[in-house]
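>>> build the 3D model from these lines:
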Amino acid sequence: QVQLVESGGGLVQAGGSLRLSCTASGMTFGRYVMVWFRQAPGKERECVGSIHWSGLRWYPGSVQGRFTISRDNAKNTVFLQMTSLKPDDTAVYYCAATTDGGAIKLSNVAYWGRGTQVTVSS
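A predicted model of the protein is given here:
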């Protein structure tokens, strides 16, 4: 049984930082592209970073330069370091895994975590 468990969310002031973690179990972690998504109330779920098994990373423009995704294959863990946080970053952040090495799509996600709330106050 595959599980993705996120941690590290919380309340932070604008300009602050948070580091999210996601630990996977029940899967061959190194074979998956790991992805962080977020979903704000009333908005669609969006990708905020992905890291290929090779270490290749991708970010959307909205978080480029502020968010950093990394992975530790020995610990089956993926991280999302978030800096210079803005109130618009407030959302539930989800960890996800896919075997598709191409463009990240909701439809090709194999596994989802339950999410962790990030709230950025102004």
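
>>> from now on I want contacts and neighbour counts done on CA atoms only, so please keep to that.
Noted.

>>> Glu44: neighbouring residues, count only.
Here the number of neighbours of Glu44 (other Cα atoms under 10 Å) works out to 9.

>>> tell me the secondary structure of it, please.
Here Glu44 is recorded as coil under DSSP: H, G, I helix; E, B strand; the rest coil.

>>> for the one 4 residues further on, same thing?
Assigned with three-state DSSP, Val48 falls in the strand class.

>>> for Gln13, give the beta-bridge partners.
Ser121 (DSSP bridges).

>>> that one contacts Asp89, correct?
No. Taking contacts as Cα atoms under 8 Å, Gln13 lies outside contact range of Asp89: 11.1 Å.

>>> shared neighbours of these two, which are they?
Common contacts of Gln13 and Asp89 (Cα atoms under 8 Å, 6 or more residues apart in numbering): Val120.

>>> those two: which has the busier surroundings?
Asp89 (20 against 14).

>>> OK, contacts around that one?
Residues near Asp89 by Cα under 8 Å, 6+ apart: Val118, Thr119, Val120.

>>> redo those residues as a markdown table? Include distance to Gly8, pLDDT and neighbour count.
Formatted as a markdown table, the contacts of Asp89 follow (distance: Cα to Cα, whole Å; pLDDT from 0 to 100; neighbours: other Cα atoms under 10 Å):
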| residue | distance to Gly8 | pLDDT | neighbour count |
| --- | --- | --- | --- |
| Val118 | 9 | 98 | 22 |
| Thr119 | 12 | 98 | 20 |
| Val120 | 13 | 98 | 20 |
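
>>> sounds good, over and out.
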